[in-house]
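> Attaching a predicted model along with its sequence, questions to come.
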Amino acid sequence: EPLDMDVLKEMDVTYDLLGTITHSGTASVGHYQAYVRSCEDGHWYLYNDHLVRRASHDEVKADTRGTYVLFYLSRALRP
């Protein structure tokens with residue numbers, strides 16, 4: 001069903017960054033890790049193999065090398 005343009009105009013179209021995936025290495029071999037912001041407590045977490053730890057906002061902003069996937073969520077759809 002097509003979206004109603006009047007409904008879209010009234011929606012909050014602001015998006016928040018919820019996660020990133022980064023890659024280090026080459027196209028044939030490398031390592032992946034993810035930063036994810038919790039919808040429950042608002043804190044950032046680093047997922048790196050078996051290690052999961054809390055990360056600061058500044059760490060997430062600074063670790064941009066190799067970032068190639070960004071996940072956003074509309075504020076209108078936040079839980």
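Happy to help now that I have it. Numbers count the residues shown, from 1 in each chain.
> need the contact list for Leu70.
Counting by C-beta atoms under 8 Å, 6 or more residues apart in numbering, Leu70 touches 17, 19-20. From N, CA and C alone the C-beta is placed, and that goes for glycine too.
> give me that answer again for 7 Å
17, 20 (C-beta atoms under 7 Å, 6 or more residues apart in numbering).
> For Met5, see how far away it is.
Plainly put, Leu70 is 27 Å away from Met5 if you go by C-beta to C-beta, to the nearest Å.
> And the residue most central in space within the chain, how far from Arg37?
Centroid-nearest residue in the chain: Gly19, 1.5 Å away (criterion: C-alpha atoms, centre = their mean). Look at Gly19 and Arg37: by C-beta to C-beta, they are 7 Å apart.
> burial count for Tyr32?
Using other C-beta atoms under 10 Å, the number of residues around Tyr32 comes to 15.
> Kindly apply the preceding question to Val60 instead.
19.
> okay, Thr64: pLDDT?
Thr64 carries a pLDDT value of 85.
> Tell me the first helix or strand C-terminal of the lowest-mean-pLDDT helix or strand in the chain.
The helix or strand of the chain with the poorest confidence is helix 5-10; it has a mean of 71 (mean pLDDT, DSSP states H and E). Note on helix 5-10: by DSSP states H and E, the next helix or strand toward the C-terminus is strand 15-25.
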